[in-house]
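Enquirer: what follows is a predicted protein model with its sequence.
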Amino acid sequence: MSRVTSINQYLKNMLYKARPQSNTFSKLRRAFGDPVSAIKPNPVFKAIPPDHTQPDNLNYDIANILPADQLAAINQAGKLVFHSVGDTGGISGTDIQDEIAGQMEDQIRNAASLGEAPAFFYHLGDVVYYNGESGDYKPQFYDPYQSYPAPIFAIPGNHDGDNRVLPKDPPDSEPPLTGFFLNFCAPKREPSTDSPYRHIIDQPWPYWTLNTPFITIIGLYSNVDGSLDPSGSSSHNQPQYNWFVSQLKAADPDKCLLLAVHHPPFSMDTTHGGYQDILDAIDQASAEAGRSPDAVFTGHVHNYQRYTRTVNGRQYPYVIAGAGGYANTYKSMHKLQQDPNTADGVIPQNFQTTRPDVVLANYNTSNPGFLRLTVDANNLKGEYFINQFDNSPIPADPFDTFNLNWKTGVIA
């Protein structure tokens, strides 16, 4: 049975199932072990402001920004290394964000060769808090990463695209995504007015595709409440979903295919849980395109969680890395559900969720951290490095490591 046939046979039985919805007075509490939350009755969706014109081509080639000698070194090494994490905006102080930035810088500067060094940082959303305003980029983005020596790409998170007024807040002076467009979707790369050390980036759009020698990364914008397009929209009014299907179809089959989206499909945390609309979008687009992403990377939840999803014997990692700096104390980290079957309430590793295809393989709700990802012609290696909230030494070895043979779909 081919890989595409296997995916389609599995997914066609999953589509358009009835989904529980919260009522207008309270959020439904999930049963223990369920990694997906009920859908909000009135999800907030903020359209991309009409004064921005979407380009015809939302693809971006890494050769546009990396020097030729670095690309040659990457090809010679036979692999691409990069960093990824989300939820970094240090509105309550950037001490943890600064520490993590320093760790990532050290990994670049201490690499054995140019081809071994992480080539860029792919941000998983919530770059600044709370409402993505352009004035917050200097203290929460440009200053913490002023010495990070590689490009930084991004997808927006809910806080980057939400301009709702919070209690006691003055009204926002900018439309949604203003800061994101100014700093990541600029017409051309040029020095930022907020920093003499970093350039603004010329990504094509908030959702976009990054093409590199060994991987294709599709980045989605999951808006404010975790959806690609307005709730209840017809197939003719689903521009992001339709684009997503087209990108899955067009992705090079000889390269690893990664998906980045801010809201996670699965999460065992007590605050959010997984987002059913994002899960449906991934599954339905994969079935329609005849190809599924080899791995999914998300943020939003302020901790680290790694799930293994098994589809007809093929394994897919779904990773949450949302502890990049906003959560700057242990108490502000999102905690998981309490396990009623253990004496201390701690969920064990390799925990079988209520979904038969989803296992919680590993997690960390105590420490901030970031991912270093390495992709070659056969494998995706993920390493999660942690920091500390106190002054204790930072571990040199990763907290978690996984290796996916993306051609065979086996995680080791």
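Expert: Received the coordinates, thanks.

Enquirer: the host helix or strand of residue 319 pairs with which strands, and in what direction?
Expert: Using DSSP states H and E, residue 319 sits within strand 314-321. In the sheet, strand 314-321 lines up against strand 295-298 (parallel), strand 304-311 (antiparallel) (DSSP bridges).

Enquirer: wait, doesn't residue 87 sit right on residue 298?
Expert: No. Contact criterion Cβ atoms under 8 Å: residue 87 and residue 298 do not qualify, at 10.2 Å. From N, CA and C alone the C-beta is placed, and that goes for glycine too.

Enquirer: returning to that earlier point: what would the strands paired with strand 314-321 look like in JSON lines with mean neighbour count?
Expert: Shown next, in JSON lines, are those (neighbours: other Cβ atoms under 10 Å):
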{"stretch": "strand 295-298", "mean neighbour count": "27"}
{"stretch": "strand 304-311", "mean neighbour count": "22"}
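
Enquirer: could you dump these to JSON lines with mean pLDDT and distance to residue 329?
Expert: JSON lines is the format used below for those (pLDDT from 0 to 100; distance: least, Cβ to Cβ, whole Å):
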{"stretch": "strand 295-298", "mean pLDDT": "98", "distance to residue 329": "22"}
{"stretch": "strand 304-311", "mean pLDDT": "98", "distance to residue 329": "16"}
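
Enquirer: how about JSON lines for the ones you listed, with distance to residue 116 added?
Expert: Converted to JSON lines, the strands paired with strand 314-321 look like this (distance: least, Cβ to Cβ, whole Å):
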{"stretch": "strand 295-298", "distance to residue 116": "21"}
{"stretch": "strand 304-311", "distance to residue 116": "24"}
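
Enquirer: just for this protein, where's the confidence low?
Expert: In the predicted model of the chain, residues 1-19, 165-171, 233-236 satisfy pLDDT under 70.

Enquirer: circling back: please identify which of the strands paired with strand 314-321 is closest to residue 371.
Expert: Nearest of the strands paired with strand 314-321 to residue 371, taken as Cβ to Cβ: strand 295-298 at 7.4 Å.

Enquirer: sorry, back to before: what sits in contact with each of residue 87 and residue 298?
Expert: Residues touching both residue 87 and residue 298 by Cβ atoms under 8 Å, 6 or more residues apart in numbering: 124, 322.

Enquirer: let me see the ranges of the helices in the chain.
Expert: Using DSSP state H, the helices of the chain run over residues 3-11, 68-77, 95-109, 137, 158-161, 178-184, 239-250, 276-289.

Enquirer: got TSV for those, with distance to residue 198 and mean neighbour count too?
Expert: TSV is the format used below for the helices of the chain (distance: least, Cβ to Cβ, whole Å; neighbours: other Cβ atoms under 10 Å):
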stretch	distance to residue 198	mean neighbour count
helix 3-11	40	17
helix 68-77	18	15
helix 95-109	12	18
helix 137	10	25
helix 158-161	17	26
helix 178-184	9	23
helix 239-250	28	19
helix 276-289	30	22
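
Enquirer: now distance to residue 59 too, for these, in a markdown table please.
Expert: Output for the helices of the chain, formatted as a markdown table (distance: least, Cβ to Cβ, whole Å):
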| stretch | distance to residue 59 |
| --- | --- |
| helix 3-11 | 22 |
| helix 68-77 | 17 |
| helix 95-109 | 26 |
| helix 137 | 25 |
| helix 158-161 | 21 |
| helix 178-184 | 15 |
| helix 239-250 | 8 |
| helix 276-289 | 16 |
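
Enquirer: which one of those helices lies closest to residue 323?
Expert: When the helices of the chain are ranked by proximity to residue 323, the top entry is helix 95-109, at 8.5 Å, counting by Cβ to Cβ.

Enquirer: and that closest one, how far from the chain's centre?
Expert: Computed by Cα atoms, centre = their mean, to the nearest Å, the chain-centroid distance of helix 95-109 equals 19 Å.

Enquirer: again with stretch 339-349
Expert: Its chain's average C-alpha position is 27 Å from that of stretch 339-349, according to Cα atoms, centre = their mean.

Enquirer: residues of it that come out buried?
Expert: By neighbour count on 16 or more other Cβ atoms under 10 Å, the buried set for stretch 339-349 is 339, 347.

Enquirer: can you start the count at 5 instead of 1 from here on
Expert: All set: I'll call the first residue 5, so the last point we hit is now stretch 343-353.

Enquirer: end-to-end on that stretch?
Expert: 12 Å (Cα to Cα, to the nearest Å).

Enquirer: what's next to that stretch, contact-wise?
Expert: By Cβ under 8 Å, 6+ apart, the residues outside stretch 343-353 that reach it are 36, 272, 340-342, 355, 364-367.
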